[in-house]
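In: Sharing a sequence plus its predicted fold:
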Amino acid sequence: MKISLILFCLGLVLTDAAVIKQNKRFPDDFFFGTGTSAYQIEGGWDADDKGDSIWDYMTHNMPEVITDHSNGDIAADSFNNYKRDVEMMRELGLDMYRFSLSWPRILPTGVPNYVSEAGITYYNNLIDEMLKYNIQPMITLYHWDLPQKLQEMGGFMNPLIADWFEDFARIAYERFGDRVKYWITFNEGYQICYEGYDYVSKAPRLNATGVGEYLCARNLLLAHARAYHAYNNDFRPTQGGICGYTISISSAQPLNDTEEDRLALELHTQAEWAIYTDPIFSKEGGFPKELSELVAEKSANQGFPRSRLPAFSEEEKEFIKGTSDFFGVNHYGGGYVSFSLYDLENSVVPSTQDDIQVGSYAPEDWPQAASFWLKRMPRSLYIVLKRIHERYDGNVPIIVTENGWSTHAGIEDEDRVAYYRAALEGALDAMDEGVNLLGYFAWSLLDNFEWMAGYSERFGLYEVDFEDPARTRTPRKSAFIYKQIIKTRVVDHGYEPHSYVMTIDEGH
Ligand code: GBH
């Protein structure tokens, strides 16, 4: 009786002090992390015997395609600063850290007849440093930096990518899998395939519109399944980890509540992400039906002898189905979609846009990030989590592998704080409605090379001084806010850091 009275009073005091809009909290076994990728942070582009990646090649040969003509030669220099990075993870109190392997740092020519021991050592040092402090590593095998040698043999246009990728994955499992229990094969199929092969907004800028993405998607899914089966058959029995797959999803909504706009949303969904996930997570397997039919029909009318989106054989469908232990989702922004918003006059034929003819827009009054494509849509992470849950009923375990907001340089980042609070409240609401969300990774631990935008857009919880040879890292306000959320497991809108001095809490 006495104890419950004390607890009751304590409860009153606590709720009084905090501005918590809901009394939902993240369960104790929910994991919090931050993410990065190799090319964006490491630097050390020609350290030891490292080979060139398609990003080394592109930024060195066509610097003009990057906004500030910069490159990732040094980036945040995590190659030399990894101990400081781990210290930052401890400051934040992270459970996990997601990073990617540079394929050409480990296999300089892309193929495994020669393995760089210096490259292996770098990742061993990083992994061991994290484990010293009980921070679990999550490895993304591929985050966009293909060995240039493999690109010269066609890259993702060559079906042999499945062999090359499985070979690389096996080396990673062999060398790191004793300590690493969380694996992601590919980061963002759409960005790899559409942006890199169909269009020109990522390396290798192939610009094979209407053709490149679909061939790449097919090859990428087979490569993913090969790497998954390799883990499942030959490593999981002794290593006991899990292996998944990550894609990016925007929180698109139909412009009007009409059947037509709902169809537009479904086609948009199929083209943006379900083409990469239905083959793995749907009951039937294979590419999405409406999109496949549409592209087959258009291809025929355009004089192509076969569909530009080549279907999987029954055997391939079975091989790919079910090959992911969790659904990894990266989420940033969103908007409204409709056929009526499509710019038919400027449509490139053939192209993946022309195939579906769906346009989108985001209202003026939504807060704008430093990245032109990113606006804060109300409830956006909630919308995305519910959509995945509804599309693949059952209880698919989901991990938010990236979520974040860009600013320009500077450590006062109220808009990033607002973005994270809204997103995490949405995550709590989705979990409350039955979404099986296991964990959440903020993008990013620190400022990094933001691809075509160079260093002009910053996603870090920690600011990096790129003018300073030491690449000094300084926590932004959002770092203190995220730390508090991890510690308390609730989103408290009233919390203000007492000072901007970061310390490591006991036990970290
Ligand atoms: C991620 O890609 C990358 O994995 C990461 O390397 C990168 O640094 C980070 O994002 C920040 O760009 O969401 O409706 O506004 C995300 C790629 C590009 C996907 C923009 C969504 C715009 C649509 N995103 N795209 S919307």
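Out: Sure, I can see it.
In: Near the ligand, which residues of the stretch 301-450 of the chain? Just list them.
Out: With C-beta under 6 Å from any ligand atom as the criterion, the stretch 301-450 of the chain comes near the ligand at residues 330, 332, 333, 334, 335, 373, 374, 402, 443, 450. Every residue, glycine included, has its C-beta placed from N, CA and C.
In: Verify the contact between the fourth one and residue 380 for me.
Out: Yes. In this structure residue 334 lies within contact range of residue 380 using C-beta atoms under 8 Å: 4.9 Å.
In: tell me, what's touching these two both at once?
Out: Shared contacts of residue 334 and residue 380 (C-beta atoms under 8 Å, 6 or more residues apart in numbering): residue 251.
In: need the residues of the stretch 301-450 of the chain next to the ligand in TSV with secondary structure, can you?
Out: Formatted as TSV, these follow (DSSP: H, G, I helix; E, B strand; the rest coil):
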residue	secondary structure
330	strand
332	coil
333	coil
334	coil
335	coil
373	coil
374	coil
402	strand
443	strand
450	coil
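In: among these, which two are most distant?
Out: Using C-beta to C-beta, these reach their maximum pairwise distance at 335 and 450, which is 20.6 Å.
In: Whichever residue of the stretch 1-150 of the chain sits closest to the ligand - how many residues pack around it?
Out: Proximity of the stretch 1-150 of the chain to the ligand (C-beta to the nearest ligand atom) peaks at residue 37, 5.1 Å away. Counted with other C-beta atoms under 10 Å, the neighbours of residue 37 add up to 25.
In: Would you mind measuring from it to residue 102?
Out: In this view, residue 37 and residue 102 are 9 Å apart by C-beta to C-beta, to the nearest Å.
In: Please enumerate the shared neighbours of those two.
Out: residue 145.
In: Just the buried residues from the residues of the stretch 301-450 of the chain next to the ligand, in ChimeraX please.
Out: Buried subset of those, written as a ChimeraX selection, criterion 16 or more other C-beta atoms under 10 Å:
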select :330,332,333,334,335,374,402,443,450
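In: Adding pLDDT, write the residues of the stretch 301-450 of the chain next to the ligand out as a markdown table.
Out: Formatted as a markdown table, those follow (pLDDT from 0 to 100):
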| residue | pLDDT |
| --- | --- |
| 330 | 99 |
| 332 | 98 |
| 333 | 98 |
| 334 | 97 |
| 335 | 97 |
| 373 | 97 |
| 374 | 98 |
| 402 | 99 |
| 443 | 99 |
| 450 | 98 |
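In: with the residues of the stretch 301-450 of the chain next to the ligand in mind, which one is nearest to the ligand?
Out: For those, the nearest to the ligand is residue 333 (3.1 Å; C-beta to the nearest ligand atom).
In: so the closest one sits right up against residue 249, yeah?
Out: No. In this structure residue 333 lies outside contact range of residue 249 using C-beta under 8 Å: 10.5 Å.
In: how near is the closest residue to the residue of the stretch 1-150 of the chain closest to the ligand other than its chain neighbours to residue 220?
Out: Spatially, and ignoring its direct neighbours in sequence, residue 37 is nearest to residue 143 (3.7 Å; C-beta to C-beta, 6 or more residues apart in numbering). For residue 143, the distance to residue 220 equals 13 Å [C-beta to C-beta].
In: interface residues of the stretch 101-250 of the chain facing the ligand?
Out: Counting by C-beta under 6 Å from any ligand atom, the stretch 101-250 of the chain sits next to the ligand at 187, 188, 191, 248, 250.
In: repeat that with 5 Å
Out: Applying C-beta under 5 Å from any ligand atom, we find that the stretch 101-250 of the chain lies next to the ligand at 248, 250.
In: after the helix or strand of the chain with the lowest mean pLDDT, next one along is what?
Out: Ranked by mean pLDDT, DSSP states H and E, the weakest helix or strand in the chain is helix 2-17, scoring a mean of 44. Moving toward the C-terminus from helix 2-17, the first helix or strand encountered (DSSP states H and E) is strand 31-35.
In: Run the chain-centre distance for that following strand.
Out: The chain centroid and the centroid of strand 31-35 are separated by 12 Å under C-alpha atoms, centre = their mean, to the nearest Å.
In: Could you list the residues in contact with it?
Out: Everything outside strand 31-35 that qualifies as a contact, by C-beta under 8 Å, 6+ apart, is 26, 89, 92-99, 136, 138, 401-402, 438-445, 461, 482, 485-486.
In: Check stretch 362-375 too.
Out: By C-beta under 8 Å, 6+ apart, stretch 362-375 touches 332-336, 376-378, 405-408, 415, 418-419, 450, 453, 456-458.
In: Mean confidence (pLDDT) on stretch 205-221, please.
Out: Mean pLDDT, computed over stretch 205-221, is 98.
In: Go through the helix or strand hosting residue 171 and flag the buried ones.
Out: Secondary structure from DSSP H and E places residue 171 in helix 161-176. Across helix 161-176, burial judged by 16+ other C-beta under 10 Å covers 161-162, 164-173, 175-176.
In: Which one of the residues in the stretch 101-250 of the chain is closest to the ligand?
Out: Relative to the ligand, the nearest point of the stretch 101-250 of the chain is residue 250 (3.2 Å; C-beta to the nearest ligand atom).
In: in the stretch 1-150 of the chain, which spans are helices?
Out: 2-17, 38-41, 54-61, 78-92, 103-106, 117-132, 148-152 (DSSP state H, counting those that start in this stretch).
In: Would you format these as CSV with mean neighbour count included?
Out: CSV is the format used below for those (neighbours: other C-beta atoms under 10 Å):
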stretch, mean neighbour count
helix 2-17, 9
helix 38-41, 27
helix 54-61, 20
helix 78-92, 20
helix 103-106, 27
helix 117-132, 17
helix 148-152, 20
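In: Please identify which of the ones you listed is closest to residue 346.
Out: Closest among the helices of the stretch 1-150 of the chain, once you apply C-beta to C-beta, is helix 54-61, at 26.2 Å.
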